[in-house]
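Colleague: output the structure for:
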Amino acid sequence: MLYFFDGTGDSGDSIHHYLFARYAPTHPALFFDHWAKPIFVLLASPFAQFGFIGVKVFNALVTGCTVFLTFKIAQLLDLKNPIVAAIIVIFAPLNFVLTFSGLTEPLFALFISLCLYFVLKDRHITAALILSFLPFVRSEGLIIIGVFGLYFLLKKAWKILPLLSIGHIVYSIAGYFIYHDFLWVFNKIPYAHLSSRYGSGKLFHFVEQLNYVIGIPIYILLCIGIIGIIWKAIRQTLKLELGLLVLLGFFAFFTAHTLFWYLGIFNSMGLNRVFVGVIPLIAIIALAGFNAITEDIFKEKIKAKWLLQALLIAYIFIFPFTHNPAAINWNTDMNLSADQRDAIHVADIARQHSKPDQRYMFAHPYLSEVLDIDHFDDTQRLNLKKNIMKYLASGDIVIWESWFAVVENSVTKEYLDQQSDLTNIYTLKNKNSGEVVYSLYKKI
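Modeller: Down below sits the predicted model:
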């Protein structure tokens, strides 16, 4: 996949996270950026020094570990056919695509699987210590900490509970030398707002969108698994870890994101990719569904059971290669997007009009990669914002595009056209890029 496909998962956050990881050794404060996710930056940074391909290798290794741990978790939960859980992790369409990205969801999934694995191995201290750092992989880690905290309470493991704060204590102290504020781990959370610039959506948004994360066969097994686990809970034949840590963990995560988007709070964008972060939980629940309709219903009919299992596994294998909207579009999902390919062309034009000592101003993160400049060095690149334009010097190049510049920074092309000290030198509107337009300006 790394050899044949050059995609980045998406052209926004995926690139941003990579850039933070790549340039953190040059700008140590980036190791303590809440949006960038400090643990991700720390672990991915060595790989990022080899370019974006390095981060893709990192996430591929991360997902490989998650696949193995999900298999081991299924074994420890005494679930039959544990290999099916591993297959589900691999062949969930969006999880597969985002494995080859710079996004943080795969690492979040690994941390959850590690925590669950160590709990099931009765290594509660190890689990709690790893769990304590989960919010620094993704902010939803606070939700998962709450679920595991409830589990430790029910198990009367009182001494374990204080360990859940270790991650915050460590990062509070380490980040103090950057922010001069021990409470930066709370004060700098970018999502701590009871509003969202991205609006709100339908209550059942994620009920629909989850299908585009895991695909039809896994979605069906997930629904059956939920019913089966609840039925076992009613009959009091359910293992506590399966019911509380797996099922309740998934429901808590799902409910939280549903409410965030429905109420328009915590800057939720309603992105379905967040559920890649709980793919180990989804896989275990779906395995329970797989076993419910094969092992339980056909346990006396061996040949029928094997046939049904073979058909279900084949469907999981084949689905990502179908033309279903929830499957993988191998041409678009796994390769550079049209606007990224345009960015490469625009970067070549920009180089022709710039001199070594002149800066670029732009918002699109992929331009930093194709121009090979330090995204965070203001002697090389300025963020395209109205209040920063006053720092432009004669000869500097402004690269405007119609997504990041407009949606994220509220800078329109009309605004730039009205600036008397800017001259337009190139405009690109590629029909294959949809509505994405690029315009280059030079400071007079």
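Colleague: hey, let's count contacts and neighbours off CA atoms from now on
Modeller: Fine.
Colleague: okay, Ser200: pLDDT?
Modeller: Ser200 carries a pLDDT value of 86.
Colleague: got phi/psi on it?
Modeller: When read as degrees, to the nearest 10, the backbone of Ser200 gives phi -140, psi 180.
Colleague: can you give me the distance of it to Arg381?
Modeller: For Ser200, the distance to Arg381 (CA to CA, to the nearest Å) stands at 33 Å.
Colleague: excluding chain neighbours, what is closest to Glu105?
Modeller: Spatial nearest neighbour of Glu105, excluding adjacent residues (CA to CA, 6 or more residues apart in numbering): Gly277 at 4.4 Å.
Colleague: thought the one you found was touching Ser113?
Modeller: No: using CA atoms under 8 Å as the test, Gly277 is too far from Ser113 to be in contact (10.1 Å).
Colleague: so for these two, which sits in the more crowded spot?
Modeller: The neighbour comparison of Gly277 against Ser113 (other CA atoms under 10 Å) goes to Ser113, with 26 against 23.
Colleague: hang on, the more buried one is in a helix, isn't it?
Modeller: Yes: according to DSSP: H, G, I helix; E, B strand; the rest coil, Ser113 belongs to a helix.
Colleague: show me the contacts for it.
Modeller: Listed by CA atoms under 8 Å, 6 or more residues apart in numbering, the contact partners of Ser113 are 66, 69-70, 73, 280.
Colleague: which one of those is nearest to Lys390?
Modeller: When the contacts of Ser113 are ranked by distance to Lys390 (CA to CA), Thr66 comes first, at 47.8 Å.
Colleague: quick one, longest helix in the chain?
Modeller: For the chain, the helix that runs over the most residues, judged by DSSP state H, is helix 52-76.
Colleague: wait, Ala283 sits on Ala85?
Modeller: Yes: counting by CA under 8 Å, Ala283 touches Ala85, with 5.1 Å between them.
Colleague: who touches both of those two?
Modeller: Counting by CA under 8 Å, 6+ apart, the contacts common to Ala283 and Ala85 are Thr70.
Colleague: what pLDDT does the residue nearest the centre of the chain get?
Modeller: The centre of the chain sits closest to Glu105, judged by CA atoms, centre = their mean, with a distance of 3.2 Å. Looking at Glu105, its pLDDT reads 97.
Colleague: can you list the domains in this protein?
Modeller: Listed by automatic domain parsing, the domain ranges of the chain are 13-321, 338-443.
Colleague: any idea which of those has the lowest pLDDT on average?
Modeller: Ranked by mean pLDDT, the domains of the chain bottom out at domain 338-443, with a mean of 91.
Colleague: so how far is it off the chain centroid?
Modeller: Put simply, domain 338-443 sits 26 Å off its chain's centre (CA atoms, centre = their mean, to the nearest Å).
Colleague: next one: stretch 99-109
Modeller: The chain centroid and the centroid of stretch 99-109 are separated by 5 Å under CA atoms, centre = their mean.
Colleague: residues contacting the nearest residue to Ile214 once chain neighbours are set aside?
Modeller: Counting by CA to CA, 6+ apart, Ile214 lies nearest to Ala92, which is 4.3 Å off, once chain neighbours are set aside. Residues counted as contacts of Ala92 (CA under 8 Å, 6+ apart) are 213-215, 218, 320.
Colleague: ok, Gly175 touching Trp184?
Modeller: Yes: Gly175 is within contact range of Trp184, at 7.3 Å (criterion: CA under 8 Å).
Colleague: chain center to stretch 300-316: distance?
Modeller: The answer for stretch 300-316 is 33 Å, by CA atoms, centre = their mean.
Colleague: outside of it, which residues touch it?
Modeller: Contacts for stretch 300-316 (CA under 8 Å, 6+ apart): 84, 87-88, 91, 217-218, 290, 294-295, 298-299.
Colleague: rerun that using 6 Å as the cut-off
Modeller: Stretch 300-316 has contacts (CA atoms under 6 Å, 6 or more residues apart in numbering) with 217, 294, 298.
Colleague: what's the answer for stretch 363-380, then?
Modeller: Contacts of stretch 363-380 (CA under 6 Å, 6+ apart): 344, 359, 383-384, 404-405.
Colleague: how about the helices in the stretch 151-300 of the chain?
Modeller: 166-179, 184-187, 205-214, 216-234, 240, 249-263, 279-291 (DSSP state H, counting those that start in this stretch).
Colleague: what angle do the third one and helix 279-291 make?
Modeller: Computed with axes from the mean of the first three to the mean of the last three CA atoms, to 10 degrees, the direction of helix 205-214 lies at 80 degrees from that of helix 279-291.
Colleague: tell me which of the contacts of stretch 363-380 is nearest to Ser45?
Modeller: Within the contacts of stretch 363-380, the smallest distance to Ser45 is 22.4 Å, found for Asn383 (CA to CA).
Colleague: Leu428 in helix, strand or coil?
Modeller: Here Leu428 is recorded as strand under three-state DSSP.
Colleague: in the sheet, who's paired with it?
Modeller: For Leu428, the beta-bridge partners are Tyr438 (DSSP bridges).
Colleague: thought it was touching Tyr438?
Modeller: Yes: look at Leu428 against Tyr438 with CA atoms under 6 Å: they come within range, at 5.0 Å.
Colleague: the two: who's more crowded?
Modeller: Neighbour totals were compared for Leu428 and Tyr438, and Tyr438 leads with 20 against 15 (other CA under 10 Å).
Colleague: let me have the helices of the stretch 151-300 of the chain in TSV, extended by mean neighbour count and distance to Phe47.
Modeller: Compiled in TSV, those are given as follows (neighbours: other CA atoms under 10 Å; distance: least, CA to CA, whole Å):
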stretch	mean neighbour count	distance to Phe47
helix 166-179	16	22
helix 184-187	16	25
helix 205-214	20	26
helix 216-234	19	32
helix 240	16	38
helix 249-263	19	29
helix 279-291	28	24
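Colleague: make a markdown table from those and add distance to Val370 to it.
Modeller: Output for these, formatted as a markdown table (distance: least, CA to CA, whole Å):
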| stretch | distance to Val370 |
| --- | --- |
| helix 166-179 | 30 |
| helix 184-187 | 33 |
| helix 205-214 | 29 |
| helix 216-234 | 37 |
| helix 240 | 50 |
| helix 249-263 | 34 |
| helix 279-291 | 32 |
